[in-house]
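Q: the following comprises the amino acid sequence and a computationally predicted model.
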Amino acid sequence: MRVMLALPPSLEPYAPLIAMILAFVDGLLFGLAIKKAIVSFVLFVVAVILGGYIGFSLPGVSASYLISKAVGLAAHWISSAPAIFSGISILFIIGLAVGIWKG
């Protein structure tokens with residue numbers, strides 16, 4: 001497999017190694033972003049629940065509505081996961097796992 005990167009001639013022999021490092025770092029950054037998004041969603045749901053408890057509410061937004069939407073989206077993403085991960089390198093998946101775990 002030939003890796004095509006726009007590298008100077010002195011770095012061209014290292015193109016496969018650089019591509020592997022970039023895939024891992026990319027997965028790591030995506031994992032960090034996913035973990036932050038999950039934490040933000042959970043905190044938003046807690047804020048909506050606490051707001052509803054003390055009498056504040058957003059029109060059309062309730063904790064049960066948010067949770068049902070999240071479950072629906074998660075089910076859709078899980079059902080399409082094999083198609084998403086089929087073309088992704090193993091280093092990206094390892095970086096993604098490390099990013100979610102350590103993020």
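A: Nice, thanks for sending it over.

Q: what sits closest to the residue nearest the centre of the chain if chain neighbours are left out?
A: By Cα atoms, centre = their mean, the chain has its centre lying nearest to residue 34, at 3.2 Å. Computed as Cβ to Cβ, 6 or more residues apart in numbering, the closest residue to residue 34 that is not its neighbour in sequence is residue 100, at 5.9 Å. Using the backbone N, CA and C atoms, a C-beta is placed for each residue, glycine as well.

Q: tell me the helix or strand right after the helix or strand of the chain with the lowest mean pLDDT.
A: The helix or strand of the chain with the poorest confidence is helix 81-85; it has a mean of 65 (mean pLDDT, DSSP states H and E). Counting by DSSP states H and E, the next helix or strand C-terminal to helix 81-85 is helix 90-102.

Q: my guess is residue 29 contacts residue 98. True?
A: No. With contact defined as Cβ atoms under 8 Å, residue 29 does not count as touching residue 98 (10.7 Å).

Q: what separates residue 54 from residue 48, distance-wise?
A: 11 Å (Cβ to Cβ, to the nearest Å).

Q: okay, those two: which has more neighbours?
A: The residue with more neighbours, out of residue 54 and residue 48, is residue 48; 20 against 7, by other Cβ atoms under 10 Å.

Q: wait, doesn't the more buried one sit right on residue 60?
A: No. The pair residue 48 and residue 60 fails to qualify as a contact (Cβ under 8 Å) at a distance of 11.4 Å.

Q: for stretch 15-34, what is the distance to the chain centroid?
A: Put simply, stretch 15-34 sits 13 Å off its chain's centre (Cα atoms, centre = their mean, to the nearest Å).
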